[in-house]
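1. Got a sequence here, can you build the structure:
(one chain, ligands or ions: 2)
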Amino acid sequence: MNLVTNQTTTPLKVAVLGAAGRMGQTVCAAVDGAPDLELVARVDAGDDVAAVVRESGADVAIDFTVPSVTETNVHAALDAGAHVVVGTTGWDDDSRGRVSEHLERLAQAGTPRGVLIAPNFGLSAVLAMTFAAKAARYFESVEVIELHHPDKVDAPSGTARHTAHAIAAARAEAGVAPSPDATETGWEARGADVEGVRVHAVRLRGLVAHEEILFGNTGEQLSIRQDSFDRVSFMPGVLLAVREVVSRPGLTVGLEKVLDLS
Ligand SMILES: NC(=O)C1=CN([C@@H]2O[C@H](COP(=O)(O)OP(=O)(O)OC[C@H]3O[C@@H](n4cnc5c(N)ncnc54)[C@H](O)[C@@H]3O)[C@@H](O)[C@H]2O)C=CC1
Ligand SMILES: O=C(O)C1=N[C@H](C(=O)O)C[C@H](O)C1
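-> Ligands and ions are numbered 1, 2, ... in the order given. As a prediction, this is how the structure comes out:
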């Protein structure tokens, strides 16, 4: 990732939403340590997001909160004049569509803004997803295993959903048949069906965030595995997104777009 910064320009002002959380605390420290960024607000549950973002003069709001509030926060931060970087999970076509409409209204009003939603900011995860999408058409079988800390509130992970979506799209485009599966009973043991891809979620103390994508043909297997052992692994991607979003009007989904991997 290219993290070269231009230190002669005015620092970008950044507000962090979910600042007291696991990711929020790590993001605040990373922003604080970046010479071209200025942390102007730490926002958490109970705060008026729109008011704090507006009063802080933030150029960019970063949301690492919870799936149930993230969309509301994004609309509030946009109304307050900020661009938004989102790491929180829980997004679907409908919620992304409403953000796109909001962004179109802002562009038509002459105040274009950018929103960048990435299910995973870790370079290893972004590359694993990219490689998996490339491999998807060449194998008869595919399954995804995501492994996380037990304090995570959603399953399967946003990363696994994004991975499965990319795999399903690549297989559909190539006309690949569904993975063979003779299961007749015990479907509850076969994981979630995400667009035809079986996704298994492990929750285990000691883990942070990990994903394994398994591909199989007769006589061979490809395993693609990535591990985030520490939340600092997400920080280069988050900071890159902050620097990019201000010059990317509209909605961008996935850090792979910024890294020119898709
Ligand atoms: N895209 C990525 O690379 C990554 C995404 N995540 C996702 O980020 C999200 C946060 O994860 P964690 O930090 O582990 O969760 P966490 O539970 O530690 O933190 C969430 C924080 O949001 C706060 N919050 C709740 N409602 C709020 C509101 N209305 N406004 C502002 N703050 C509010 C909570 O009080 C808490 O401090 C999850 O959806 C997780 O899946 C996590 C790691 C990496
Ligand atoms: O909750 C987490 O921790 C993580 N959430 C994201 C997800 O659901 O994919 C990203 C990463 O896996 C860590």
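
2. Assign a three-state SS to residue 243, would you?
-> Of the three states, residue 243 takes helix under DSSP: H, G, I helix; E, B strand; the rest coil.

3. That one reaches residue 12, doesn't it?
-> Yes: using C-beta atoms under 8 Å, residue 243 is in contact with residue 12, at 7.2 Å. Every residue, glycine included, has its C-beta placed from N, CA and C.

4. residues from the protein in reach of ligand 1?
-> 17-18, 20-24, 43-45, 49, 64-67, 69, 73, 87-89, 118-122, 158, 234 (C-beta under 6 Å from any ligand atom).

5. Show me the strands in the stretch 51-200 of the chain, by range?
-> Per DSSP state E, counting those that start in this stretch, the stretch 51-200 of the chain carries strands over the ranges 60-63, 83-86, 114-117, 141-148, 192-194, 197-203.

6. and those strands as a markdown table, adding distance to ligand 2 and mean neighbour count?
-> Below are these laid out as a markdown table (distance: least, C-beta to the nearest ligand atom, whole Å; neighbours: other C-beta atoms under 10 Å):
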| stretch | distance to ligand 2 | mean neighbour count |
| --- | --- | --- |
| strand 60-63 | 13 | 30 |
| strand 83-86 | 11 | 30 |
| strand 114-117 | 12 | 26 |
| strand 141-148 | 5 | 22 |
| strand 192-194 | 12 | 15 |
| strand 197-203 | 10 | 18 |
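
7. Need the residues touching each of residue 243 and residue 12.
-> Residues touching both residue 243 and residue 12 (C-beta atoms under 8 Å, 6 or more residues apart in numbering): residue 36.

8. how far away is whatever residue of the stretch 101-250 of the chain ends up closest to ligand 1 from residue 130?
-> Nearest residue of the stretch 101-250 of the chain to ligand 1: residue 121, at 3.7 Å (C-beta to the nearest ligand atom). Taking C-beta to C-beta, to the nearest Å as the measure, residue 121 falls 14 Å from residue 130.

9. Equivalent analysis for residue 25, please.
-> Note on residue 25: its distance to residue 130, by C-beta to C-beta, is 29 Å.

10. can you check residue 116 too?
-> Distance from residue 116 to residue 130, by C-beta to C-beta: 17 Å.

11. Let me see the contact set for residue 197.
-> 142, 143, 144, 164, 167, 168, 179.

12. give me that answer again for 10 Å
-> With contact taken as C-beta atoms under 10 Å, 6 or more residues apart in numbering, residue 197 is in contact with 132, 136, 142-144, 160-161, 163-168, 171, 178-179, 191, 213.

13. Weed out the non-buried ones from those residues.
-> 132, 136, 142-144, 160-161, 163-168, 171, 179, 191, 213 (16 or more other C-beta atoms under 10 Å).

14. Mind checking which of those are in helices?
-> Secondary structure assignment by DSSP state H places 132, 160, 161, 163, 164, 165, 166, 167, 168, 171 of the buried ones among the contacts of residue 197 in helices.

15. I'd like those residues laid out as TSV, including pLDDT.
-> As requested, those are exported to TSV (pLDDT from 0 to 100):
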residue	pLDDT
132	98
160	98
161	98
163	98
164	98
165	97
166	97
167	98
168	98
171	98
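
16. So if I had to pick from residue 121 and residue 130, which one is more boxed in?
-> A count of neighbours by other C-beta atoms under 10 Å puts residue 121 above the other of residue 121 and residue 130, at 26 against 18.

17. Helix or strand: which one has the nearest residue to that one once chain neighbours are set aside?
-> Distances taken as C-beta to C-beta, 6 or more residues apart in numbering put residue 237 closest to residue 121, at 3.1 Å, once the chain neighbours are dropped. When elements are assigned from DSSP states H and E, residue 237 belongs to helix 235-245.
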